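Enquirer: return a 3D structure for these sequence lines:
(one chain, ligands or ions: 2)
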Amino acid sequence: MKPEPMAAKPIRARRAECLSGAARVPGDKSISHRALMLGALAAGRTRITGLLEGEDVLATGAAMRAMGARIARDGAAWLVDGVGNGCLLEPEAPLDFGNAGTGARLTMGLVGAYDFGATFVGDPSLSKRPMGRVLDPLRLMGCQVAARSGDRLPLTLHGPRTAAPIVYRLPMASAQVKSAVLLAGLNAPGVTTVIEPVATRDHTEKMLIGFGAELSVETDAAGARQIAVVGQGTLGGIADLVVPGDPSSAAFPLVAALIVPGSDVVIENVLLNPTRTGLIETLIEMGASIAIENRRSAGGEEVGDLHVRHSALKGVNVPAERAPSMIDEYPVLAVAAAFAEGETRMQGLGELRVKESDRLAAVAAGLLANGVTHQAGEDWLVVTGRPDGKGMGGGTVATHLDHRIAMSFLVLGLAAERPVTVDDGRMIATSFPEFLSLMTALGGTLDDVSEEGR
Ligand SMILES: O=C(O)C1=C[C@@H](OP(=O)(O)O)[C@@H](O)[C@H](O)C1
Ligand SMILES: C=C(OP(=O)(O)O)C(=O)O
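Expert: Residues are numbered from 1 along each chain as shown. Ligands and ions are numbered 1, 2, ... in the order given. Predicted structure coming up:
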């Protein structure tokens, strides 16, 4: 008999008095996935602190175990004993990535150049997302793919006996595709090259160098980056890999503090890698009071504490070129824009359509349900704000198994005139399990209302 599907967990946010205090968001999700993957691949031990213990990352850990790595928690740290480059084992059962695009796509790259079979499965959200963007370059390297129509999960990969190194120009701005090709290149003889016309998050490049891979990056006058990795080299464990706080999680208390009158909040230890700071840049242009304090370096990355105070925001134009550096932050930017004077115009949003949900459609529907004036097109969104939040709220938002839609609209409810309900908060645990307790500790008024509908 099939197990009963778990019941949805609706959550409601009510207008908060003010938010205050200090908070520390969990480790960066992108870096956490890569730390487990490269630790699993490297020879010897990697000790990781600050790892995000969200469901997405734990699924990656389980997949790495299934291919031979030993991974165990040791107090506040995680110890990973890797297999050595080229020595992953064929997994005996399907690898289940749950809701996680990053875990699934990067692992496809990791195993796509191995002469063995690996099957990938995921939840209903992940099973709708396009995998062809990763499978196409893997096919060029000699990988065989058996997939559902449209290159969706479940699918099985079988790499070639010897993979062909390729030169691959990214057809879309995607760090996941870039990373998958570079990881496949680790097991191909010779040099595998990725050309990215627009820079995307660079964690894979930085961490590959940290684990001892031979990798070079050249940037041309137009900003295009050419990244070359030498395959079949040796990777070694990292004794002390520190994962900084996730700026994509920090975005929620950050925007909440900006829009709830009287707020004064410090968010500590946030990753400030320039490929991830588009939201902070945009909010500062909108007039946000965000002071970056205590700037320092941790684990080869710049980090700092964000001191945020409630601010009078004004609408701005957010250029399409900025999208890769804030791609996961548009839903919560739309919420900030709902409280800004005038129009905020966001362009270049095509990639939002293929995230955990069609985020552009989900944001537009959530704004509509809560009385926020907006217009949306194929790849753009214009939000017309109302600083006092008058007339806003009162709606229920369909989250479509998307953690960022859930958290963004709960933030809206903290400042809107009427409460905002999200239909299901379960997916918040994929990236930010502490969200409810952290927001509540700052003064957020969030309630689990699962019992109401029963
Ligand atoms: O490489 C990564 O860790 C990620 C890249 C982005 O996806 P795309 O590469 O599809 O833009 C982002 O949306 C995702 O949350 C994490
Ligand atoms: C898009 C996201 O993640 P993923 O692609 O890993 O599912 C996200 O966390 O917003």
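Enquirer: leaving out chain neighbours, which residue sits closest to whatever residue of the stretch 51-200 of the chain ends up closest to ligand 2?
Expert: Of all residues in the stretch 51-200 of the chain, Gly101 sits closest to ligand 2, at 2.7 Å by CB to the nearest ligand atom. (Each C-beta comes from the backbone N, C-alpha and C, glycine too.) Closest residue to Gly101 apart from its sequence neighbours, by CB to CB, 6 or more residues apart in numbering: Arg129 at 5.8 Å.
Enquirer: ramachandran angles for the one you found?
Expert: As for Arg129, its main-chain torsions (degrees, to the nearest 10) stand at phi -80, psi 150.
Enquirer: Val255 is in contact with Met439, correct?
Expert: No: distance between Met439 and Val255: 11.4 Å, which falls outside the contact criterion (CB atoms under 8 Å).
Enquirer: between these two, which has more neighbouring residues?
Expert: Neighbour totals were compared for Met439 and Val255, and Val255 leads with 30 against 24 (other CB atoms under 10 Å).
Enquirer: and stretch 35-46, end to end?
Expert: Counting by CA to CA, to the nearest Å, you get 8 Å between the two ends of stretch 35-46.
Enquirer: repeat for stretch 183-193
Expert: For stretch 183-193, the first and last residues are 11 Å from each other (CA to CA).
Enquirer: can you list contacts of it?
Expert: Residues outside stretch 183-193 that contact it (CB atoms under 8 Å, 6 or more residues apart in numbering): 37, 41, 85-86, 106, 109-110, 112-114, 137-138, 141, 143, 159, 162-168, 181-182, 204, 208, 213, 226-233, 235.
Enquirer: ok now that stretch, how far from the chain's centre?
Expert: The gap between where stretch 183-193 is centred and where its chain is centred comes out at 25 Å by CA atoms, centre = their mean, to the nearest Å.
Enquirer: now stretch 392-409
Expert: The mean C-alpha position of stretch 392-409 is separated from the chain mean by 17 Å, CA atoms, centre = their mean.
Enquirer: the residue nearest to Gly101 against Gly103, yeah?
Expert: No: here Arg129 lies out of contact with Gly103, judged by CB under 8 Å, at a distance of 12.0 Å.
Enquirer: quick check: residues of the stretch 251-400 of the chain near ligand 2?
Expert: Residues of the stretch 251-400 of the chain found near ligand 2, taking CB under 6 Å from any ligand atom as the criterion, are Asp328, Lys355, Glu356.
Enquirer: list the contacts for the second one?
Expert: By CB under 8 Å, 6+ apart, the contact set of Lys355 is Gly101, Arg129, Asp328, Asp402, Arg404.
Enquirer: make JSON lines out of the residues you listed and add pLDDT.
Expert: Shown next, in JSON lines, are those (pLDDT from 0 to 100):
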{"residue": "Gly101", "pLDDT": "98"}
{"residue": "Arg129", "pLDDT": "98"}
{"residue": "Asp328", "pLDDT": "98"}
{"residue": "Asp402", "pLDDT": "98"}
{"residue": "Arg404", "pLDDT": "98"}
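Enquirer: of these, which belong to helices?
Expert: Secondary structure assignment by DSSP state H places Gly101, Arg404 of the contacts of Lys355 in helices.
Enquirer: of the contacts of Lys355 - the most surrounded one?
Expert: Scoring the contacts of Lys355 on neighbours with other CB under 10 Å, the highest-scoring entry is Arg404 at 29 neighbours.
Enquirer: with adjacent residues omitted, what lies nearest to that one?
Expert: Closest residue to Arg404 in three dimensions, ignoring its sequence neighbours and counting by CB to CB, 6+ apart: Pro331, at 5.0 Å.
Enquirer: ok, the host helix or strand of that neighbour near ligand 1 or not?
Expert: Under DSSP states H and E, the secondary-structure element containing Pro331 is helix 330-338. No: under the criterion of CB under 6 Å from any ligand atom, helix 330-338 makes no contact with ligand 1; the nearest approach is 10.2 Å.
Enquirer: now the helices for the stretch 51-200 of the chain?
Expert: Secondary structure of the stretch 51-200 of the chain, counting by DSSP state H, counting those that start in this stretch: helices at 55-66, 101-111, 132-140, 175-185.
Enquirer: dump those to TSV, plus distance to ligand 1.
Expert: As requested, those are exported to TSV (distance: least, CB to the nearest ligand atom, whole Å):
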stretch	distance to ligand 1
helix 55-66	9
helix 101-111	4
helix 132-140	8
helix 175-185	3
